[in-house]
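Visitor: Sharing a model that was predicted from the sequence below.
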Amino acid sequence: MSDKGKIMGALVLGAIAGAAIVKLLETEKGKEFVANVKEKAEAATEDIKLKLKQLESELADLLKTDKTNNANNEA
């Protein structure tokens, strides 16, 4: 099979897969799936934000401790 034939085959398969996904997402189960994915993505985003705040706090505490230790060692 030539390269052009492979490319055309891939394009046709991609179009078929895309159409199947669109049809699936239009069903009630598809809509539930999308809603579920959105909820999980929002929960993951909130979890990441919380963990970043915790890391920032821990880093700030470590920097304070380091500055305090350096000040005590210089005295």
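Guide: Good, I have the coordinates. On a predicted model such as this, the values are computed, not experimentally measured, just so you know.

Visitor: Just give the number of residues close to residue 30.
Guide: The burial count assigned to residue 30 is 14, neighbours taken as other CB atoms under 10 Å. To be clear about C-beta, it is placed using only N, CA and C from the backbone, and glycine gets the same treatment.

Visitor: Find the residue closest to it in space, skipping its chain neighbours.
Guide: In space, and not counting its chain neighbours, residue 30 is closest to residue 24: 4.7 Å by CB to CB, 6 or more residues apart in numbering.

Visitor: ok, and that neighbour, which helix or strand is that part of?
Guide: For residue 24, the host element (DSSP states H and E) is helix 3-26.

Visitor: Kindly report the same for residue 58.
Guide: helix 28-74.

Visitor: quick one: that helix to helix 3-26, angle?
Guide: Put simply, helix 28-74 runs at 100 degrees to helix 3-26, going by axes from the mean of the first three to the mean of the last three CA atoms, to 10 degrees.

Visitor: what helices or strands is helix 28-74 leaning on?
Guide: helix 3-26 (3 or more CB pairs under 8 Å, 6 or more residues apart in numbering; DSSP states H and E).

Visitor: who touches the helix it packs on?
Guide: By CB atoms under 8 Å, 6 or more residues apart in numbering, the residues outside helix 3-26 that reach it are 1, 30, 31, 33, 34.

Visitor: can we see that at 7 Å?
Guide: 30, 34 (CB atoms under 7 Å, 6 or more residues apart in numbering).

Visitor: which intervals of this structure have sub-threshold pLDDT?
Guide: For the chain, the stretches with pLDDT under 70 are 1, 70-72, 74-75.

Visitor: number of nearby residues for residue 17?
Guide: Residue 17, neighbours per other CB under 10 Å, totals 10.

Visitor: Kindly provide the distance from it to residue 3.
Guide: 21 Å (CB to CB, to the nearest Å).

Visitor: repeat for residue 50
Guide: Applying CB to CB to residue 50 and residue 3 gives a distance of 50 Å.

Visitor: okay, the two: which has more neighbours?
Guide: residue 50 (10 against 7).
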